[in-house]
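**Student:** let me see the structure of the following:
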Amino acid sequence: MNIVILAAGQGKRMKSALPKVLQTLAGKPLLQHVLTTALSLQGKSSKTGPIVVVGHGTADVKAFLTNVSNEDAAFSRVLTVLQAEQKGTGHALLQALPKIDLQEPTLVLYGDVPLTSKKTLAKLAKLADGIRGQDSALALLTQHLSDPRGYGRIVRDADGSVLKIVEEKDASPAQKAIAEINTGIMVLPSGSLKKWLKALRASNAQGEYYLTDVIAMAVKDGVPIRTAQADDEFETVGVNSRDQLANLERIHQLNIANELMTAGVSLADPARIDVRGTLECGPDVFIDVGCVFEGCVTLGAGTKIGPYCVIRNCVIAKDVAVHAFSHLDGAKVGNQSVIGPYARLRPGADLANEVHIGNFVEVKNSKIAANSKANHLAYVGDSLVGSRVNIGAGTITCNYDGVNKHQTIIEDDVFIGSDTQLVAPVRVGRGATLGAGTTLTKDAPPNQLTVSRAKQISLQWQRPIKQATKAAVKKVIARKTPKGKK
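**Tutor:** Numbers count the residues shown, from 1 in each chain. Got it, this is the predicted structure:
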């Protein structure tokens, strides 16, 4: 089956320099949602991938397709054709005609209608089934709306057969009262489509070539027209403005939340979670309010995520506690670890079981072995940390010399006192203790106390004060000093 996605429109109501189809829903461009469904529907056996008709913002759309193809090879099958002038949906589909296999039916989708399900499209395609090489039926996806304003109406005869589609701007008052609307999504017999597209005329209020006009042509040619409806209204909702995008985002996120709860996840509030990618959860996971999940995130059984955490591309094991306001990006966290509150794990942070990373602690590109902890105000970067290590408050690994990054190695059972700086490259031997305030520039031997600290002295001292303060003090002294005395 051919799949053509119309994505050439500007989307003026978005008031954005970005093409409308590249506006994001759940962290992905609208067009990516449509392409993912299209590729899934076609399968790998299809001769060609989906055809995207581009126009406004062509360079941006092609750049997106290149980037997403680098991440997922399936998208490399996507083809593009240019609609240099936007003269309507029929004109857009005409541009794709040279790349269409006329022996296969053609499914028309829209780059700004992101949530149409594979199930609904498969149902529609089945209605259009025919013998290969011969014209079959035309299948049309319609929807009954309580408020059909803004949509083309489905006009039927007395027997209920579809006669035509009338765009709202061209509709009579009686036709505007029709509740059944055209979603624009249809499966067309490609052999007849070629003839119909070339016969289109722009004799309408918009002066455009409407794809919907082929319905009347199909009726005239005796091609059966069959209709189907989506299970959920949101599947056919398009995005033309930022408020529509925001409304669809909340619908989509609530659907995701319901799927998570069905799978055994507890959500403090299903209306306050954002999944901008994929989130896989084991049983008895708890997620508090305001959490954002981006990329690919896995949460093991029994893990609890506190409020207002941001977690991106992480694998978090079983029975982990991530406390409030923590940010995790590209990290691995072992069983029964405790993170936060206000902790930050950056890419390459790899924590074993029962590791504690506390408030205002940052870990980057470091492996930390089991039962180690950094509970307060520390930075661990480009490091290998052994088991049962205690990293005191205010400790930092000085890993960057202004040009290159260097590694710090901290072996098992090390105790690092507060306010310590480890100037990499440096190694702290097994069982060593570093006294508080130490600046370590050479390796610390195992099982010894290493201290680098200036000698403490006390001196008589007058703290400097501002000139304005001196003048004020003199005035006070002058007022309190009897005349004739100094």
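**Student:** tell me where this protein has helices.
**Tutor:** 30-42, 58-71, 89-96, 118-127, 173-176, 190-198, 214-221, 242-262, 467-480 (DSSP state H).
**Student:** please name every helix or strand in contact with the shortest one.
**Tutor:** Under the contact definition 3 or more Cβ pairs under 8 Å, 6 or more residues apart in numbering; DSSP states H and E, helix 173-176 sits against strand 153-156. Backbone N, C-alpha and C define where each C-beta goes, glycine included.
**Student:** wait, Ser190 touches Gln103, no?
**Tutor:** Yes - the criterion here is Cβ atoms under 8 Å, and Ser190 meets it with Gln103 at 7.2 Å.
**Student:** quick check: Lys304 touching Ala321?
**Tutor:** Yes - Lys304 lies in contact with Ala321 (Cβ under 8 Å); the separation is 5.2 Å.
**Student:** quote the end-to-end distance of stretch 18-37.
**Tutor:** Terminal residues of stretch 18-37 are spaced 23 Å apart (Cα to Cα, to the nearest Å).
**Student:** mind listing what's buried along that stretch?
**Tutor:** 19-23, 25-37 (16 or more other Cβ atoms under 10 Å).
**Student:** avg pLDDT for it?
**Tutor:** In this model, stretch 18-37 has an average pLDDT of 96.
**Student:** picking that back up, possible to save the helices of the chain as a markdown table with distance to Asp443?
**Tutor:** Shown next, in a markdown table, are these (distance: least, Cβ to Cβ, whole Å):
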| stretch | distance to Asp443 |
| --- | --- |
| helix 30-42 | 50 |
| helix 58-71 | 42 |
| helix 89-96 | 67 |
| helix 118-127 | 59 |
| helix 173-176 | 83 |
| helix 190-198 | 73 |
| helix 214-221 | 78 |
| helix 242-262 | 49 |
| helix 467-480 | 49 |
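**Student:** mean pLDDT lowest for which of these?
**Tutor:** helix 467-480 (a mean of 71).
**Student:** elements contacting that one?
**Tutor:** Partner elements for helix 467-480 (3+ Cβ pairs under 8 Å, 6+ apart): none found.
**Student:** what sits up against it?
**Tutor:** Outside helix 467-480, the residues that touch it by Cβ atoms under 8 Å, 6 or more residues apart in numbering are Ile465.
**Student:** what residues sit buried inside it?
**Tutor:** For helix 467-480, burial by neighbour count (16+ other Cβ under 10 Å) applies to no residue.
**Student:** stretch 449-469 too?
**Tutor:** For stretch 449-469, by 16+ other Cβ under 10 Å, it's Thr450.
**Student:** how about the helices of the chain, which one is nearest Cys398?
**Tutor:** helix 58-71 (35.0 Å; Cβ to Cβ).
**Student:** go through that closest one and flag the buried ones.
**Tutor:** Under 16+ other Cβ under 10 Å, the buried positions of helix 58-71 are Thr58, Asp60, Val61, Phe64, Leu65, Val68.
**Student:** quick revisit: mind checking the helices of the chain for the one nearest to Gly184?
**Tutor:** Closest among the helices of the chain, once you apply Cβ to Cβ, is helix 89-96, at 7.1 Å.
**Student:** and the angle from the closest one to helix 190-198?
**Tutor:** Orientation note: helix 89-96 sits at an angle of 120 degrees relative to helix 190-198 (axes from the mean of the first three to the mean of the last three Cα atoms, to 10 degrees).
**Student:** show me what helix 89-96 is in contact with.
**Tutor:** Residues contacting helix 89-96 (Cβ under 8 Å, 6+ apart): 4, 6, 8, 51, 53, 55, 81-83, 85-86, 106, 108, 184, 193, 197-198, 200, 208-214.
**Student:** any of those residues buried? List them.
**Tutor:** 4, 6, 8, 51, 53, 55, 81, 83, 106, 108, 184, 193, 197, 200, 208-214.
**Student:** now for the buried residues of helix 58-71, which pair is the farthest apart?
**Tutor:** Comparing all pairs in these by Cβ to Cβ, the longest separation belongs to Thr58 and Val68, at 15.8 Å.
**Student:** buried set for stretch 96-111?
**Tutor:** For stretch 96-111, burial by neighbour count (16+ other Cβ under 10 Å) applies to Ala96, Leu97, Ile100, Glu104, Pro105, Thr106, Leu107, Val108, Leu109, Tyr110, Gly111.
**Student:** nearest to Lys12, of the residues you listed?
**Tutor:** Gly111 (15.4 Å).
**Student:** I figured that closest one was touching Val21, is that so?
**Tutor:** Yes - under the criterion of Cβ under 8 Å, Gly111 makes contact with Val21 at 3.6 Å.
**Student:** buried set for stretch 384-392?
**Tutor:** Buried, per 16+ other Cβ under 10 Å, within stretch 384-392: Val385, Gly386, Ser387, Val389, Asn390, Ile391, Gly392.
**Student:** model confidence score at the fourth one, please.
**Tutor:** Translated: Val389. So Val389 comes in at 98 (pLDDT).
**Student:** skip the chain neighbours and tell me the closest residue to it.
**Tutor:** Ser372 (4.0 Å; Cβ to Cβ, 6 or more residues apart in numbering).
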